[in-house]
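Visitor: With the sequence up front, the predicted model follows.
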Amino acid sequence: MTTISFADVITEEDALREIFGWPSERALNKQIDRLDTHCRAIIEKSPFLLLGTSDTTGRCDVSPKGDFPGFVRVLDDRTIAIPDLPGNNRLDTLLNILNNPQVGLIFMIPGMNETLRINGKVRLVRDAKLLESMAYQGKLPKLAIVVDVKEVFTHCPKAFLRSKLWSEDYRIERSELPSFAEILKDHTGMVECDVEQLQKELDHRAATTLH
């Protein structure tokens, strides 16, 4: 694989600071080390988060996690628990955590342009009482991703305002892009695949194996 060459590549912080300058005192002071009432309120209303991990070689992964608002449990002002719900069993995120427990999270709420960011250290937990407390309609998660909170801060709304994420402006009809089955067929090289049947299978699994 060839790498595209560019002129004037930034490699040092001093060069970055010449371009962007320094953060304001307010931007620095908004970082806290625990979950206050505002953080708790956001987590309790959030149905969706992004979980960023990396292994010891720097291989990165960002995994979406979503369920009903409040599916992430606040255990105390420095600890949260995320139920690990059924996926494709690649375990990219969980394997990264085993090798490097440092994680970054972004909590999002539909209609809210600000986000909550958390950095911390993770433990993969199978404590029976904790899993029972996170059950949904009698179904227990296989484990809990417990995050020991180290840094917390709210993030400004500019990215959401620029992207108009919650508005109808850039919303598309799903038919404007190939179906998930078509994409999966091409990515996996399944030449003989019946795309319509595969999509039916994917839709059935999505409807029956959410928890």
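Guide: Thanks, I have the structure now.

Visitor: Quick check: bridge partners of the residue sitting nearest the centre point of the chain?
Guide: Compute the mean C-alpha point of the chain, and by C-alpha atoms, centre = their mean the closest residue is residue 50, 1.1 Å away. Each beta-bridge partner of residue 50 is listed here, defined by DSSP bridges: residue 64, residue 106.

Visitor: mind listing what residue 196 touches?
Guide: The contact partners of residue 196, taken as C-beta atoms under 8 Å, 6 or more residues apart in numbering, are residue 181. For glycine as for every other residue, the C-beta is placed from the backbone atoms N, C-alpha and C.

Visitor: what comes up buried for the helix or strand containing it?
Guide: Element membership for residue 196 (DSSP states H and E) is helix 195-208. Neighbour-count burial for helix 195-208, with 16 or more other C-beta atoms under 10 Å as criterion, is recorded at 195, 198-199.

Visitor: Repeat that for stretch 154-161.
Guide: For stretch 154-161, a neighbour-count test (16+ other C-beta under 10 Å) marks 154-155, 160 as buried.

Visitor: chain center to stretch 86-96: distance?
Guide: Going by C-alpha atoms, centre = their mean, to the nearest Å, the spacing between the C-alpha centre of stretch 86-96 and its chain's C-alpha centre is 13 Å.

Visitor: that older thread, just how off-centre is the helix holding residue 196 within its chain?
Guide: Counting by C-alpha atoms, centre = their mean, helix 195-208 comes out at 24 Å from the chain centroid.

Visitor: mean confidence for it?
Guide: Regarding helix 195-208, the rounded mean pLDDT is 94.

Visitor: Outline the domain layout of the protein.
Guide: Taking automatic domain parsing as the domain assignment, the record places the domains of the chain at 25-163, 174-208.

Visitor: Could I get these in CSV, plus columns for distance to residue 15?
Guide: What follows is those, written out as CSV (distance: least, C-beta to C-beta, whole Å):
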stretch, distance to residue 15
domain 25-163, 20
domain 174-208, 38
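
Visitor: coming back round to it: the residue nearest to the centre of the chain touches residue 64, doesn't it?
Guide: Yes - at 5.9 Å, residue 50 counts as touching residue 64 under the criterion of C-beta atoms under 8 Å.

Visitor: Can you show me the CA trace of the helix holding residue 196 as PDB?
Guide: Listed next in PDB are the C-alpha coordinates belonging to helix 195-208 (Å, rounded to 0.1, in the frame of the first residue of the first chain):
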ATOM      1  CA  VAL A 195     -28.500 -10.300  -1.400                       C
ATOM      2  CA  GLU A 196     -32.300 -10.200  -0.800                       C
ATOM      3  CA  GLN A 197     -32.100 -13.300   1.400                       C
ATOM      4  CA  LEU A 198     -29.100 -12.100   3.300                       C
ATOM      5  CA  GLN A 199     -30.900  -8.800   4.100                       C
ATOM      6  CA  LYS A 200     -33.900 -10.700   5.400                       C
ATOM      7  CA  GLU A 201     -31.500 -12.700   7.600                       C
ATOM      8  CA  LEU A 202     -29.800  -9.500   8.900                       C
ATOM      9  CA  ASP A 203     -33.200  -7.900   9.600                       C
ATOM     10  CA  HIS A 204     -34.400 -10.900  11.500                       C
ATOM     11  CA  ARG A 205     -31.300 -11.100  13.600                       C
ATOM     12  CA  ALA A 206     -31.500  -7.300  14.300                       C
ATOM     13  CA  ALA A 207     -35.100  -7.800  15.400                       C
ATOM     14  CA  THR A 208     -34.600 -10.800  17.600                       C
END
